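A.B. asks: curious how this folds, go ahead:
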Amino acid sequence: MQIRQMAVIIGFLGISQPVCLSQIVSVTPYVDPFFGIDKGNVFPGVSLPFGVVKLSPDIKFPYPTSGYTFEGEIIGFSHTHTSGTGGAPRYGNILVVPQAGNIDAKYSRVIKKMNEYSRPGYYTVTLNSSSGDVISEITAGDHVGVHRYRFKNRSKEEYINGNILIDIGHTLTRKGNGTSVCTEGEAKIVSDREIEGFGAYSGGWGGQNPYKIYFAVQFDQPFNSYGTFTDSVLNEKSMVINTSGNNKFGVYGSFKVRQNQPVQLKVALSLISTDKARKNLNEVSGLGFDEVRLKADSVWNNYLSKILVEGGTPERRAIFYSALHHTVLMPTEITGENPVWKSDKPHFWDHYAIWDVFRSVMPLYTLIIPKKQEEIIQSLLDIYDHKGWLPDAWIAGDYAQVQGGSNADVVIADAVVKGLKGFDIEKAYQAILKDGEVISDQPRLYGRYLDEYLKYGYCTKNVINACSRTLEYSYNDFCISQVAKKLGKEADYKKYLKRSQNSFLIFSDSLKSVWGRDMKGNWESGFKPVNDRPDPWNDNYFYEEGSAIYSTYYPQDIQGLIHRTGGNDSFSGYLDNIFDKGYFDLNNEPAFLLPYLYNYCGRPDKSAYRVQETLKSLFSVGNTGLPGQDDSGAMSSWYVFSAMGFFPVAGQDIYLIGSPVFSKISIRLGNGKAFIIKANHLSPENIYIQSAILNGKPLNKCWFRHSDIEKGGELVLVMAKQPSGWGKSDLPPSISE
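C.D. replies: Predicted coordinates for the structure are as follows:
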């Protein structure tokens, strides 16, 4: 169904018109929020970029972390969600359940869906049951979810009962480890059109840390009857419910309305108090549903139109803008509402996790919304100030599992080398220096497993994911060195640059691959190139991927790796082997840079081919469009960069050139300047660059620096069907040079 919906959108937008960045261009119709939902666990509902409210349909158990599948039966619409995440579900709080006819507190009716449709800031579906239909529409502000429901049945009666239940106890959960639960809550009816209260919750991926959500509800008309409910028991005319936690509990209001007459409600959230939730209603004060919807569309269009594309197919443009939409659904900005400590600094929840997003999501922010990236770094440093360590994952006000290295180090280095200024760089340096020097008391939550790393230069299998952690720690050290260099700390620069070579201690010359070593330096037995565990995150040596992929993770010194594999031709052959044997797996982030590594051995034509094949074979319109879990927009951001024809090396100020899918890309940079990429003679067959001109001068290398584009400019590429000699010399920088 969603693919048919996308076909309608594509047909409507099929003609590409020339645009300039000063024009107001509507690109939101390109976006399908259901894009990639089958494998991506993406959030299909409504929100604003980085918004607190992420209002979306929830289905009956079982469900993925997003709370939704096409096949599932919708029970209602809750206000908090994640997008593209794995592990145990979290959130799904403050569930609004619309029902026609008599109230069903058990949620036992069979519900069928009709006319489901979504675009940024708007979602609608008709919920059909034996008691009547509910035409449901939702939209959102930053802290407010706005609902509009129309009730009707098949009789000729003029009036129908429309019911709105607000379930405080509902959570998205998974039985067993990491179960998410409501531990206590309160809801009360304060007038014939107002409800308020709170719920306290714990569990889900990232620990059992408790958090509270306060809410204030305002209807557009008085209800005719009301009450509370606990599980399946209704308490008519009851105005308050307090509980220490139940599967379902809350309040309801019933309306006797004409067939198809709308009932509207606004639900404002706060993380600190019901008073603040009431104040947050002011975001949409005086605005009707359609006005809020149009405002949300405008906000989304402002973000999405920071990159305007021309040429390519309508399908490619639909994928591009749907992917770009995914990149700012998380993290969640709660500035001014941090319930853990008082601070005047920006604050963000729901880093799921920096390990997922440092490679391409955050470099995208640096390119088009650098002020927001500076605020995110301020938030990371505020966590460091109050909790002692930079996080890798930060969820609901607490640390969550470190999946690899201390990769906030990469985020900070990336910002520093690209010239971002809006944070305390000296404090940032002290924070990342702590990651590199101080042994953490809980390295699964923050810091590193430094006891072995500092002693041997690598981790043994006594440390889970020993090899991949060693590789990431080495690159983290490189990033520390780059910040030290910027600050003029020459001794630290040299120390950490040298330490960044630790990753070669686990590169076996005989295997031409990364593998594990014991405490005596002996190679472990049982080498295999792939991680074939059903739980690849628990592998002794590698996290999620295997040796074949991780053996290419030397972004600080690809030339050093090329030397150890036997030279440029051997390295090119090694990369070919990964693709040809099916080892390449874009489902997980360690493979993101791999198609671009041919650039380092003078074969940008092979990078162009591999990138184009990946774009064509693994991404498509509609619900099947993503090759794997989206991971807070990480997978989508890979598509965004790759479709534009270049990709960042996070933690460095360079971009590697691939092969674009659009004939013109206009990027509105964060400083208001524009960077334009033109691909002359581009076609599905003409994917190879013959020559390039950057800012009026010939560019004979297959990479460029951030400083080359940060003030705006133009990159002109001439494309053809066959590879050329372009870009085969003046290779991207490495330590070994």
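
A.B. asks: ok, and the closest non-adjacent residue to residue 585?
C.D. replies: residue 591 (5.7 Å; Cβ to Cβ, 6 or more residues apart in numbering). Backbone N, C-alpha and C define where each C-beta goes, glycine included.

A.B. asks: residue 142 too?
C.D. replies: Nearest to residue 142 is residue 51, by Cβ to Cβ, 6+ apart, at 4.8 Å.

A.B. asks: next one: residue 396
C.D. replies: Nearest non-adjacent residue to residue 396 (Cβ to Cβ, 6+ apart): residue 211, at 4.3 Å.

A.B. asks: kindly report the same for residue 450.
C.D. replies: For residue 450, the spatially nearest residue (Cβ to Cβ, 6+ apart) is residue 439, at 4.7 Å.

A.B. asks: verify the stated contact: that neighbour with residue 446.
C.D. replies: No. Residue 439 is beyond contact range of residue 446, at 11.5 Å (criterion: Cβ atoms under 8 Å).

A.B. asks: who has more neighbours out of the two?
C.D. replies: residue 446 (25 against 12; other Cβ atoms under 10 Å).

A.B. asks: so who does the more buried one touch?
C.D. replies: For residue 446, the contact set (Cβ atoms under 8 Å, 6 or more residues apart in numbering) comprises 387, 388, 389, 390, 391, 392, 399, 402, 406, 440.

A.B. asks: do you know how far residue 323 is from residue 32?
C.D. replies: 10 Å (Cβ to Cβ, to the nearest Å).

A.B. asks: the residue nearest to residue 396 bridge partners, please.
C.D. replies: Note on residue 211: beta-bridge partners residue 201, judged by DSSP bridges.

A.B. asks: so that it lines up with my notes, have the first residue be 53 from now on.
C.D. replies: Taking 53 as the first residue, the last one we looked at is residue 263.

A.B. asks: could you tell me how many residues sit around it?
C.D. replies: Residue 263 sits with 20 neighbouring residues when counted by other Cβ under 10 Å.

A.B. asks: so it sits right up against residue 402, yeah?
C.D. replies: No. The criterion here is Cβ under 8 Å, and residue 263 misses it with residue 402 at 11.3 Å.

A.B. asks: shared neighbours, these two?
C.D. replies: Shared contacts of residue 263 and residue 402 (Cβ under 8 Å, 6+ apart): residue 448.

A.B. asks: buried subset of the contacts of residue 498?
C.D. replies: Taking 16 or more other Cβ atoms under 10 Å as the criterion, what is buried in those is 439, 441, 442, 443, 444, 451, 454, 458, 492.

A.B. asks: just the residues you listed: which are in strands?
C.D. replies: residue 451 (DSSP state E).

A.B. asks: coming back round to it: any chance of the contacts of residue 498 in CSV, with pLDDT and distance to residue 517 too?
C.D. replies: Shown next, in CSV, are the contacts of residue 498 (pLDDT from 0 to 100; distance: Cβ to Cβ, whole Å):
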residue, pLDDT, distance to residue 517
439, 97, 24
440, 98, 23
441, 98, 19
442, 98, 19
443, 97, 18
444, 97, 13
451, 96, 18
454, 96, 10
458, 98, 14
492, 98, 15
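
A.B. asks: tell me which of the residues you listed fall in helices.
C.D. replies: Judged by DSSP state H, those include residue 439 as members of helices.

A.B. asks: reformat the contacts of residue 498 as JSON lines; add distance to residue 139.
C.D. replies: Compiled in JSON lines, those are given as follows (distance: Cβ to Cβ, whole Å):
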{"residue": "439", "distance to residue 139": "21"}
{"residue": "440", "distance to residue 139": "24"}
{"residue": "441", "distance to residue 139": "21"}
{"residue": "442", "distance to residue 139": "21"}
{"residue": "443", "distance to residue 139": "16"}
{"residue": "444", "distance to residue 139": "14"}
{"residue": "451", "distance to residue 139": "15"}
{"residue": "454", "distance to residue 139": "14"}
{"residue": "458", "distance to residue 139": "20"}
{"residue": "492", "distance to residue 139": "21"}
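
A.B. asks: between the contacts of residue 498, which is nearest residue 561?
C.D. replies: Among the contacts of residue 498, residue 458 lies closest to residue 561 (Cβ to Cβ), at 28.6 Å.

A.B. asks: for this protein, which helix is longest?
C.D. replies: Under DSSP H, the chain gives helix 518-538 as its longest helix.

A.B. asks: that one: what's the following helix or strand?
C.D. replies: Proceeding N to C from helix 518-538, the next assigned helix or strand is helix 542-551, under DSSP states H and E.

A.B. asks: quick one: residues in contact with whichever helix or strand comes after that next one.
C.D. replies: Where DSSP H and E defines the elements, the next helix or strand beyond helix 542-551 is strand 559-560. With contact meaning Cβ under 8 Å, 6+ apart, strand 559-560 is reached by 565, 566, 567, 575, 579, 603, 613, 616.
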